[in-house]
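Visitor: quick one: sequence and predicted model below, then my questions.
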Amino acid sequence: MMKKTLAAAILATTALSGAAMAEGTLEAVKGRDLLQCGVTNGVPGFSVPDEQGNWQGLDVDVCKAVAAAVLGDAGKVKYIPLTAKERFTALQSGEIDVLSRVTTWTQTRDTQLGLNFTGVTYYDGQGFLVKKDLGLQSVKELDGATVCVQSGTTTELNLADYFRANGLNFTPVVFDTNEQAASSFDSGRCDAFTTDLSQAYGLRTRMSDPDAVVALPEVISKEPLGPVVRQGDDQWFNIVKWSLFAMLNAEELGVTSANVDEMKSSENPNIKRLLGIDGPKGKGLDIADDWAYQIVKQVGNYGEAFERNVGMGSALKIDRGINALWNQGGFQYAPPMR
Amino acid sequence: MSKEKSRAHEAPARKKHDSGTRFWNDPGKRALVFQTLLIGILGFLIYTVVDNTLHNLETRGITTGFDFLHEEAGFGIPLSLIDYTEADSYGRTFIVGLLNTVLVSVLGIIAATVLGFMLGVARLSDNWLVAKLSTLYIEIFRNIPLLLQIFFWYFAVLRALPSPRQSIELFGGFLNIRGFSVPKPVPEDGFGLVVAAFVIAIVASVILVRWNHKRQDATGQIFPAGWVSAGLIVGLPLLTFLVSGMPLSLDRPELRGFNFTGGMTLLPELVALWLALTIYTAAFIAETVRGGILAVPKGQLEASSALGLPKRRTLRLIVIPQAMRVIIPPLTSQYLNLTKNSSLATAIGYPDLVSVFAGTTLNQTGQAIEVISMTMAVYLTLSLLTSLFMNWYNKRMALVER
């Protein structure tokens, strides 16, 4: 049902509202004093509501950072949960301002959907979960297996590619949401469950016997996950892009939510530029000069967000690995703020 | 429209009296002008919407057009009535999804009709228990949302089945959480003869029934054509099958590795959807049938028994033909509902059109407008075809007035 509504929405907006969209996302967000952010239906560590119903997660922190930069308040976000199938249409039709929903950056999505990826919040890869008692050592032993997978994802394509390339047979069982796919695997409908590893670990914690489920060693794909915005609104694209860069730069410079006020009096020119005391400030972005200060103050730097949501400070306990900063052996690298 | 037309026909008659009617005073011509104007405006509106959509899609850099149908799909589908591999095109996923939708709809329509008619008749039964049980069934199942029923069958009932290794053996098949694996009949050389015998038997039966009607009209004598035809249709192919040395082998399912290989497997997703659609729609059909039977005037039954017709023949010759006239139009609606409701398949992972094409394909290509339009066109076409068939059947069943 949702899909049809969305399709109707995209038809309506694309057909009738040539002018309304030209206004620009920044003005629209400022006008309604609220950022509309597309998130998942609940992926632990990335976007999931806690016991009080507040959304938490790495993807959620990106939404908060953008809200802090644009509106000066990380709380002014409306989270809109979307399935994998609904997400791009929701963004195209203007239902959301930014999509921050464990979305893999691919050529088709970047070039053919009228969308732009603003960066990478998490470098992920696709893996497989199986029951321990099968005694499997490798994905290559899964010939003839039934595999549960979420529909409309790169995961679904990688699965078919990998099995075909290795001459293996499999039967996919495709579900709308990752939770359904995981619970179907849990109940024995499938021999294996495949998804991005970060999500696999999160979903495993919810299974009836998490210790009886293991991940196979192969990582069969590259899954750079990042926020997405509509193509053609460069100003908004820049804001979302630099919100993430500010978080990364803050970590690199050692500025955290705890020490950001002290850092304001720092003599380090890089920190001065980060916090908007010096340098380009908010000029080209058309937002407040202290935008990056607000992000760090209210949301924290990238390292804080990572540890709190998916790292050692969370239930997922994922190692920083390739998601560490460039100078600490990882891939995370932000252009300088000057 | 028809009113205007009839007036237009009257116009020439009036013209004789006052040939000087102004253009605007002639209702026929005036109507024509307004109708042309309306069509023109409508056409312009549609053109504007389409043109504006295309323009806006282009300015936003969203790819349009139907070229994607030829691109390689690259994802797997668990159930396909035609050959399908990941290397096939998105266009083929459309066909696969369409056929899966048709499959579950046809299965559902057949089962729901049989069950619905039985329940409808049962609710009118003189037997108190049978009537009350039927009422209970109808009231329960038509008042629970269909999606919940689908979830119930899929997540509550079929999930309780054992793993493939602990399969339950049933009628030579194996029942487990992955589905019901049964032996698959594989025709060998000479099986064509059996098929031919089957066709001959059907043709012979049709001729027999026609001959019987004619003879009955002429002489009043009745030949038990129904029983003979049934015997022919079953017996002739069976005899051919035995005589030609049973040209059929069975491909039995075998537990190899993770799953049963060989044979045929009835997917649990299909079973759950089929059960839910059947049980839900049958409750509505039962009420339609009950209404139809009650619509037959009591006098007809009394007249029938006055003529000394036995109860069974009264039902077959008096009640059913008259009841069918009332039943068919709402029955058509139920068939259409069932077909459209089958799109709920996407909730439990049955690969129907909405799940495969308006789901995975839409998301992989991102061409929402094209994909949704095609999907809507399919449901519209399927519904119109069903309506067309049922209207034809309705006409056949309609009262022939002499």
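Guide: Looks like it arrived, so ask away.
Visitor: contacts for stretch A:260-278?
Guide: Identification of contacts with stretch A:260-278 by Cβ atoms under 8 Å, 6 or more residues apart in numbering or on different chains yields A:246, A:249-250, A:253, A:255, A:279-280, A:282, A:288-293, A:296-297, A:336-338. Where you see a C-beta, it was placed from the backbone N, CA and C, and this is true even at glycine.
Visitor: before we move on, what about stretch B:102-118?
Guide: Counting by Cβ under 8 Å, 6+ apart, B:81, B:270, B:273-274, B:277-279, B:281-286, B:288-289, B:331, B:334-335, B:338-339, B:342, B:345, B:350, B:352, B:382 sit against stretch B:102-118.
Visitor: for ChimeraX, write a command that selects the buried ones of the residues you listed.
Guide: A single ChimeraX command selects the buried members of the contacts of stretch B:102-118 (16 or more other Cβ atoms under 10 Å in any protein chain shown):
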select /B:270,273,274,277,278,279,281,282,283,284,285,286,288,289,331,334,335,338,339,342,345,350,352,382
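Visitor: the contacts of stretch B:102-118 in strands, which ones?
Guide: Assigned to strands by DSSP state E, none of the contacts of stretch B:102-118 qualify.
Visitor: list the contacts of A:G45.
Guide: A:G57, A:L58, A:S198, A:G202, A:N309, A:V310, A:S314, A:A315, A:L316, A:I318.
Visitor: count the neighbours of the residue nearest to it when sequence neighbours are not counted for me.
Guide: Of all residues beyond its chain neighbours, the one nearest A:G45 is A:V310 (4.0 Å), with distances taken as Cβ to Cβ, 6 or more residues apart in numbering or on different chains. Applying other Cβ atoms under 10 Å in any protein chain shown, we find 25 residues neighbouring A:V310.
Visitor: what do you get for the one 10 residues further on?
Guide: Applying other Cβ under 10 Å, we find 17 other residues in the vicinity of A:R320.
Visitor: what does B:T265 give?
Guide: Using other Cβ under 10 Å, B:T265 has 23 other residues around it.
Visitor: then B:L38?
Guide: Using other Cβ under 10 Å: B:L38 sits among 10 other residues.
Visitor: please enumerate the strands of chain B.
Guide: Under DSSP E, chain B gives strands at B:168-170, B:173-176, B:179-182, B:184-187, B:248-251, B:254-256, B:259-261, B:264-266.
Visitor: out of the ones you listed, deepest packed?
Guide: strand B:179-182 (a mean of 24; mean count of other Cβ atoms under 10 Å in any protein chain shown).
Visitor: ok so, going back, please flag which of the contacts of stretch A:260-278 sit within strands.
Guide: Reading strands off the contacts of stretch A:260-278, I find no matches (DSSP E).
Visitor: got a PyMOL select line for the buried ones in the residues you listed?
Guide: Selection command for PyMOL covering only the buried members of the contacts of stretch A:260-278, criterion 16+ other Cβ under 10 Å:
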select buried, chain A and resi 246+249+250+253+255+279+282+288+290+291+292+293+296+297+337
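Visitor: what sits against B:P268?
Guide: B:P268 neighbours (Cβ under 8 Å, 6+ apart): A:R189, B:Y154, B:L158, B:L161, B:I177, B:R178, B:G179.
Visitor: and for A:V98?
Guide: A:L35, A:Q36, A:C37, A:G38, A:V62, A:C63, A:V66, A:L91, A:P227, A:V228, A:V229, A:V240.
Visitor: any idea how far the residue lying closest to A:G125 once chain neighbours are set aside is from chain B?
Guide: Distance criterion Cβ to Cβ, 6+ apart; nearest residue to A:G125, sequence neighbours excluded, is A:V219 at 3.7 Å. A:V219 sits 19 Å away from chain B, going by Cβ to the nearest Cβ, to the nearest Å.
Visitor: tell me the phi and psi of A:V219?
Guide: Backbone torsions for A:V219, taken as degrees, to the nearest 10, come to phi -110, psi 110.
Visitor: quick one: neighbours of it, just the number.
Guide: A:V219 has 16 nearby residues by other Cβ under 10 Å.
Visitor: equivalent analysis for the one 3 residues further on, please.
Guide: Residues lying near A:K222 (other Cβ under 10 Å) number 14.
Visitor: I'd guessed it sits against A:Y122; true?
Guide: No - using Cβ atoms under 8 Å as the test, A:K222 is too far from A:Y122 to be in contact (11.9 Å).
Visitor: below-threshold pLDDT in the chain: ranges please.
Guide: I'll assume chain A. Within chain A, the stretches with pLDDT under 70 are A:1-22.
Visitor: I was after chain B.
Guide: For chain B, the ranges with pLDDT under 70 are B:1-20, B:400-402.
Visitor: skip the chain neighbours and tell me the closest residue to the residue in it that chain A sits nearest to.
Guide: Nearest residue of chain B to chain A, counting by Cβ to the nearest Cβ: B:N363, 3.0 Å away. Computed as Cβ to Cβ, 6+ apart, the closest residue to B:N363 that is not its neighbour in sequence is A:G152, at 3.0 Å.
Visitor: could you do B:L255 as well?
Guide: B:P164 (6.2 Å).
Visitor: so the one you found versus A:S243, what's the distance?
Guide: From B:P164 across to A:S243, the span is 50 Å (Cβ to Cβ, to the nearest Å).
Visitor: also B:F75?
Guide: 34 Å.
Visitor: equivalent analysis for A:V147, please.
Guide: From A:V147 to A:S243 the distance is 37 Å (Cβ to Cβ).
Visitor: mind jotting down where the helices sit in chain A?
Guide: Using DSSP state H, the helices of chain A run over A:2-16, A:18-22, A:25-32, A:58-71, A:87-92, A:107-112, A:154-165, A:178-186, A:197-204, A:234-253, A:260-263, A:269-274, A:291-298, A:302-309.
Visitor: can you report how many residues lie near A:I295?
Guide: A:I295, neighbours per other Cβ under 10 Å, totals 28.
Visitor: flag every residue of the stretch 201-350 of chain B that's near chain A.
Guide: Contact residues, the stretch 201-350 of chain B versus chain A (Cβ under 8 Å from any Cβ of the partner chain): B:R256, B:G257, B:F258, B:N259, B:T261, B:P268, B:E269, B:T346, B:A347, B:I348, B:G349.
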